[in-house]
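Student: take this sequence and fold it.
(one chain, ligands or ions: 1)
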Amino acid sequence: MFVNRLIVGLMPLMPRGIVKLFSKRYIAGDRIEDAIATCAHLKNTGFETTLDILGEAISTSTEAAASRDAYINLIQTVSHHPVSKNISLKPTALGLGLDPQLALDNIRAIIQVADEHGFFVRIDMEDSPYTTKTLNIYNTLRQEFPRIGVVIQAYLHRSDADVKAIAATNGNLRICKGIYKEAHDIAFQDKDGVRENYLHLVKTMLKSGAYVGIATHDIYLIDTLEAFIHDQAIPPEKYEFQALLGVPIEARLARLREAGHTVRIYVPFGEQWYAYSSRRLRENPDVAGYVIKNWFKFGQ
Ligand SMILES: Cc1cc2nc3c(=O)[nH]c(=O)nc-3n(C[C@H](O)[C@H](O)[C@H](O)COP(=O)(O)OP(=O)(O)OC[C@H]3O[C@@H](n4cnc5c(N)ncnc54)[C@H](O)[C@@H]3O)c2cc1C
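Tutor: Residues are numbered from 1 along each chain as shown. Just a heads-up that it's a prediction; the model follows:
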């Protein structure tokens, strides 16, 4: 709707308090306690989770070390609670934009602690200047630690080769459409092209027997892949469905869970919520209208 797009366009001019109101549904809160409470609630309703500390590109190695320490603290704190032992992290928050070796060292330090506490670590994928560097970090650390995975974006032309290479090593992938703006020469721009490639990549993983996280809210993709899993008798321990906290497809996710599929919710939290929220709102401006409607309801 035009009004919702207008609201999203005006976001940079809005007070942060107002933007926070729009974004509340996508974020578990500012503190670890908020995130654990959200994960515990989801666990009680049958959903697995992965925790993400909000924060993106940093500009000094001190900031990268602070992100690393925040993740180590998160693992140590969460390990005392009956919630999923699973985290997701962004390499640029750990120094990838400054120096790949710095990012590797920081991510290795996190995974070392994660491994000691029985956690799985997912390395998120960011924009294309980081794709090869991120895969290099994954490939290096995968030789040292079994419980890690990375992300492949279906909009990139290179992803077919990347998926085949990772499937051949029995690696662990989350496959998503991809959220960054990428150029024509490296990425599909049309919705159907991305969808078709998405199906191709997930099916490649499922057929290979390597583990895949099917991360999408696109009901057509979820329906098609659920049918494929059924037809091919893919065992449940080889895949999971994944969704972002707050995306309004709860009923479909509940049906997946009731059908016996693992469903994992990506739960971001932390003080740096602004960039993440802006991306989510740009992705679906209708959420702005949804929030305003609820806002006026509360005011009545
Ligand atoms: C668990 C998970 C992890 C991810 N990790 C990464 C990553 O590491 N790197 C990366 O580049 N991208 C990541 N993404 C984002 C992904 O690339 C897509 O941008 C995003 O999921 C939207 O694509 P879609 O497949 O849901 O399809 P779309 O066609 O975009 O959406 C399908 C339907 O869901 C609705 N929808 C989608 N997003 C929202 C939203 N935020 N709020 C409300 N409705 C929405 C749409 O309006 C549409 O109706 C991740 C997504 C998920 C689910």
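Student: I'd guess residue 122 is in a helix, am I close?
Tutor: No: according to DSSP: H, G, I helix; E, B strand; the rest coil, residue 122 belongs to no helix; its state is strand.
Student: count of neighbours near the residue nearest to it when sequence neighbours are not counted?
Tutor: Excluding the flanking residues, the one nearest residue 122 by Cβ to Cβ, 6 or more residues apart in numbering is residue 88, at 4.4 Å. No exception for glycine: its C-beta is placed from N, CA and C like everyone else's. By the criterion of other Cβ atoms under 10 Å, residue 88 has 22 neighbours.
Student: could you look up the SS state of residue 88?
Tutor: strand.
Student: thought it was touching residue 52?
Tutor: Yes: counting by Cβ atoms under 8 Å, residue 88 does reach residue 52; the two are 4.5 Å apart.
Student: joint contacts of those two?
Tutor: Common neighbours of residue 88 and residue 52, using Cβ atoms under 8 Å, 6 or more residues apart in numbering, are 124, 266.
Student: list the contacts of the residue nearest to residue 122.
Tutor: Residue 88 neighbours (Cβ under 8 Å, 6+ apart): 50, 51, 52, 121, 122, 123, 124, 266.
Student: helix, strand, or coil at the residue nearest in space to the middle of the chain?
Tutor: Nearest to the geometric centre of the chain sits residue 266, at 5.6 Å (Cα atoms, centre = their mean). The three-state assignment at residue 266 reads strand, by three-state DSSP.
Student: burial count for the closest residue to it other than its chain neighbours?
Tutor: Distances taken as Cβ to Cβ, 6+ apart place residue 244 nearest to residue 266, at 4.9 Å, with adjacent residues excluded. For residue 244, the neighbour count with other Cβ under 10 Å is 19.
Student: and residue 244, how far from residue 264?
Tutor: Relative to residue 264, residue 244 is positioned 10 Å away (Cβ to Cβ, to the nearest Å).
Student: just checking, the residue nearest to the centre of the chain touches residue 50?
Tutor: Yes: contact between residue 266 and residue 50 holds when scored by Cβ under 8 Å: they sit 5.4 Å apart.
Student: need the overlap of contacts for the two.
Tutor: By Cβ under 8 Å, 6+ apart, the residues touching both residue 266 and residue 50 are 88, 242.
Student: quick one: residue 17 from the ligand, how far?
Tutor: Per Cβ to the nearest ligand atom, to the nearest Å, residue 17 is found 21 Å from the ligand.
Student: quickly find the element holding that residue.
Tutor: Using DSSP states H and E, residue 17 sits within helix 16-23.
Student: mean confidence score for the helix or strand that that helix is followed by?
Tutor: Next along the chain after helix 16-23, taking DSSP H and E as the criterion, comes helix 32-44. Helix 32-44 carries an average pLDDT of 97.
Student: for helix 32-44, name the packing helices and strands.
Tutor: strand 48-53, helix 61-78, strand 263-269 (3 or more Cβ pairs under 8 Å, 6 or more residues apart in numbering; DSSP states H and E).
Student: adding mean pLDDT and distance to residue 230, write the ones you listed out as JSON lines.
Tutor: Below are the helices and strands packed on helix 32-44 laid out as JSON lines (pLDDT from 0 to 100; distance: least, Cβ to Cβ, whole Å):
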{"stretch": "strand 48-53", "mean pLDDT": "98", "distance to residue 230": "21"}
{"stretch": "helix 61-78", "mean pLDDT": "97", "distance to residue 230": "34"}
{"stretch": "strand 263-269", "mean pLDDT": "97", "distance to residue 230": "16"}
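Student: for residue 34, find the nearest of those.
Tutor: For residue 34, the closest of those is strand 263-269, at 5.8 Å, according to Cβ to Cβ.
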